Each structure stands twice: as structure tokens, then as C-alpha cells.
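Chemist: the following comprises the amino acid sequence and a computationally predicted model.
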Amino acid sequence: QFQATVEEGAVGVIVNLTVEDKDDPTTGAWRAAYTIINGNPGQSFEIHTNPQNNEGMLSVVKPLDYEISAFHTLLIKVENEDPLVPDVSYGPSSTATVHITVLDVNEGPVFYPDPMMVTRQENISVGSVLLTVNATDPDSLQHQTIRYSVYKDPAGWLNINPINGTVDTTAVLDRESPFVHNSVYTALFLAIDSGDPPATGTGTLLITLEDVNDNAPFIYPTAAEVCDDAKNLSVVILGASDKDLHPNTDPFKFEIYKQAVPDKVWKVSKINNTHALVSLLQNLNKANYQLPIMVTDSGKPPMTNVTDLRVQVCSCKNSKVDCNAAGALHFSLTSVLLISLFSLACKL
């Protein structure tokens, strides 16, 4: 009989079985072949012959669980590689019993399910409860307590109750955050038991964030050039982009911010759902102009953004383009007139 001990969860060789054979060590009549014939229903053990000394190396190949079974008994058969001489009365094989004791190890708590998954709108109020996590201690015979803590929360959005595992928000969730990938935010939590020393388990929380219309669209480019004597009065094709998802993005509505530009000098024409053409209704003198463009998305309610488009009206003569400003910055013809009248009134 052989005795062996192994910690639960461990794998590897746990005992070497020795045999005695008086045949020539260089032949198959000496080399031993070992077989587990009883006590291994879960295929947790394997045995192989050490070619150097003919010993049987018994190994654990699937981790054992103390809480399921603290003891295992194996019956192992050994025989030669070569069959025995015919008509000889002695037995062709030998058997040995191996008693294995599994040692209890403090195992870390296990989250279930893992990963944990929830879906929420990205604008839920601070303090909203997302879920209550659940971790159990495999060491059921030790009757330990479990405490929870946040392990990885890249954006700092979450809090967990250390006693009951309730997870709530400490900040507004944002689907467009750089910490969110493909609308999913990932956080990790720890479950720590009261063992000595304590053991720790890790659980993953995947939060799928549903989009709300919380981002205004923006235009590009924000600068353009045009000749003061151009026959083609097209200035630039504008595009718009939005960090949100459909239906909170295009089609976009482009228009001139009328309150800032009351005069009829500019025109914005739709090309498609995401682009528009800015053109002039007449030639302008060489100068720099700021044209406020308002772009609105299709969300409900919609989001609007006003961005200044900087237009340089350049002198284009004899194949030479001169875009140096000819005078002060022009917001619009009406704006210049109003500034002049205001200055005159101050002098009076």
C-alpha cells in the first residue's frame, strides 16, 4: 500500500510507486506498465512509467475538491511490457492500493454569474442601483463571511456595498467616454473571505450603455478660402459628425445663424444627410469673414451647435493668390454698419 497527500486545486505528481523485477533492465520483460483499474471515475488521476527507474509516477491531472471528497483510494495494476513465458504458473501482474488524502485550502469566493451583465441608459441619475452581485465561498465547511470591494473602475463611476454587494452609480454614465468600448463599460470587483490568510475572488461586470441624445453635432472643416472675383461662388462643402448613435445623429440640418448674419450674402444648401454646400450670393471684398453655421441633429429632443466658419476672401490675379487680410475681421456687412453707428454715438 502507498500513501499520498495533495492540496485541493493542485496538479502534478503526488507519489512514485516502486516495483521489483529481476529480469534484464534492457528488455521489455523488465519495463513496467501501470494501469489504474479502480477509484478513478472522474479521470482525475493518471499514472506513467518513469523510463529511468521503472517507477510508476501517479499524478493529479484534474484539481481535487476537498469539499466534495477528502479521501480517494486507487487500485493500480502493474505488468511487464512483454508477456510472460507460456505455461508458467506465477501471476502476470501485481496490484497496489494508493490512499490519497486531500488537504483543505482556503479558496477564493466565486462570483455567479461571471461575467455579470446589465443594460442601462447612459444618463441615469447618480445613485441608481445597477445590480447586487453574488459570490459564494467554495469552503462551505468553514462558514466564512464575504466582503466586497471595487477592484477596477476606470472612469470612477461605481460604488459597491461591502456587506450586501449592491452596486450603484457615483457619477453620470457616459456612453461616449473613452473608457467605454462598443457601448460596453467593464468594471471588476473583489470578493474577500474571512479566512486566515483571506482568499480573494474576482468578478467582471459588463454594463451596456444605451445611447441618449447628449452630444451636439459639430461641423468640419471650420475654415475656407474663396477668390474675390470668383465666377463660381461655391465656398466649401461642410460635413457634420456626432458622437451619439442613430437615431440621434443624421440627417443633420445646416443653416446660417440668422441672428448674427441678417444680410443676404451667404447661402447654405443641403447635399445629403451629412453634408451641405456654403456659397456666396455675390462677390465680397478681400477680407476675413466669420460665418456662424448652426447644425442640428435628429434626436428627440434635438441638439444644436453653432460654429464659426472662417472664410478668407482672397485676391486672385495673374495666377497669384493673396489671402492676407485687406482689413479688419468682417462678421457681416450689417455688423460693420452697426459698429460704425455705435462709435459715432459714443463720440456725440
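Modeler: Arrived safely.
Chemist: confirm Leu130 sits in a strand?
Modeler: Yes - counting by DSSP: H, G, I helix; E, B strand; the rest coil, Leu130 is found in a strand.
Chemist: what about it, neighbour count?
Modeler: Neighbourhood size, Leu130 [other CB atoms under 10 Å]: 22. For the C-beta atoms, the positions are set from N, CA and C on the backbone; glycine is no exception.
Chemist: these two touch, right, it and Met116?
Modeler: No - look at Leu130 against Met116 with CB atoms under 8 Å: they stay out of range, at 9.2 Å.
Chemist: touching both of those two, which residues are there?
Modeler: Taking CB atoms under 8 Å, 6 or more residues apart in numbering as the contact rule, Leu130 and Met116 both touch Leu205.
Chemist: hey, where'd the helices end up in the protein?
Modeler: Secondary structure of the chain, counting by DSSP state H: helices at 333-347.
Chemist: break it into its domains for me.
Modeler: Listed domain ranges for the chain are 2-103, 110-210, 218-346 (source: automatic domain parsing).
Chemist: now those in CSV, with mean pLDDT?
Modeler: Shown next, in CSV, are these (pLDDT from 0 to 100):
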stretch, mean pLDDT
domain 2-103, 86
domain 110-210, 96
domain 218-346, 83
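Chemist: neighbours of Val118, how many?
Modeler: Counted with other CB under 10 Å, Val118 comes out at 12.
Chemist: revised request: answer the last question for Gly201.
Modeler: Neighbours of Gly201 under the rule other CB under 10 Å: 20.
Chemist: how about Ala216?
Modeler: 19.
Chemist: list the buried residues of stretch 180-194.
Modeler: Across stretch 180-194, burial judged by 16 or more other CB atoms under 10 Å covers 180, 185, 187, 189-193.
Chemist: which residues of the stretch 151-300 of the chain fall in strands?
Modeler: Along the stretch 151-300 of the chain, counting by DSSP state E, counting those that start in this stretch, strands occupy 158-160, 166-169, 184-193, 200-210, 218-220, 223-227, 234-241, 253-256, 266-270, 275-280, 287-296.
Chemist: ok, which of those comes nearest Thr73?
Modeler: Among the strands of the stretch 151-300 of the chain, strand 184-193 comes nearest to Thr73, with 30.8 Å by CB to CB.
Chemist: alpha carbons only: can I get that closest one in PDB?
Modeler: Included here for strand 184-193 are C-alpha records, laid out as PDB according to Å, rounded to 0.1, in the frame of the first residue of the first chain:
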ATOM      1  CA  VAL A 184     -19.900  48.500 -23.000                       C
ATOM      2  CA  TYR A 185     -18.200  49.600 -19.800                       C
ATOM      3  CA  THR A 186     -16.200  47.000 -17.900                       C
ATOM      4  CA  ALA A 187     -15.600  47.000 -14.200                       C
ATOM      5  CA  LEU A 188     -14.000  44.400 -11.800                       C
ATOM      6  CA  PHE A 189     -15.000  43.600  -8.200                       C
ATOM      7  CA  LEU A 190     -13.400  41.600  -5.500                       C
ATOM      8  CA  ALA A 191     -15.000  39.200  -3.000                       C
ATOM      9  CA  ILE A 192     -12.700  38.600   0.000                       C
ATOM     10  CA  ASP A 193     -13.400  35.900   2.600                       C
END
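Chemist: next one: it to chain centre, how far?
Modeler: Offset of strand 184-193 from its chain centre (CA atoms, centre = their mean, to the nearest Å): 13 Å.
Chemist: between it and strand 200-210, how many degrees?
Modeler: 160 degrees (axes from the mean of the first three to the mean of the last three CA atoms, to 10 degrees).
Chemist: before we move on, back to that, and the strands of the stretch 151-300 of the chain as a markdown table, adding distance to Ile146?
Modeler: Shown next, in a markdown table, are the strands of the stretch 151-300 of the chain (distance: least, CB to CB, whole Å):
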| stretch | distance to Ile146 |
| --- | --- |
| strand 158-160 | 12 |
| strand 166-169 | 14 |
| strand 184-193 | 5 |
| strand 200-210 | 9 |
| strand 218-220 | 48 |
| strand 223-227 | 60 |
| strand 234-241 | 47 |
| strand 253-256 | 55 |
| strand 266-270 | 60 |
| strand 275-280 | 57 |
| strand 287-296 | 52 |
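Chemist: what's the closest of those strands to Phe45?
Modeler: strand 200-210 (27.1 Å).
Chemist: what residues does that closest one touch?
Modeler: 108-111, 114-122, 130-131, 133, 135, 151, 158, 167, 173-175, 180, 183-193.
Chemist: go with 7 Å
Modeler: Residues from elsewhere that reach strand 200-210 (CB atoms under 7 Å, 6 or more residues apart in numbering): 108-111, 114-122, 130, 133, 135, 151, 167, 173, 175, 180, 183-192.
Chemist: paired strands for it, with orientation please.
Modeler: Here strand 200-210 is paired, per DSSP bridges, with strand 116-121 (parallel), strand 184-193 (antiparallel).
Chemist: looking at those strands, spot the one closest to Arg147.
Modeler: strand 184-193 (5.2 Å).
Chemist: verify the contact between His48 and Asn54 for me.
Modeler: No - using CB atoms under 7 Å as the test, His48 is too far from Asn54 to be in contact (11.6 Å).
Chemist: the more surrounded of those two?
Modeler: Neighbour count, other CB under 10 Å: between His48 and Asn54, Asn54 has more, with 18 against 13.
Chemist: check the gap between that one and Gln3 for me.
Modeler: Here Asn54 is placed at a distance of 21 Å from Gln3 (CB to CB, to the nearest Å).
Chemist: what do you get for Ala135?
Modeler: From Ala135 to Gln3 the distance is 36 Å (CB to CB).
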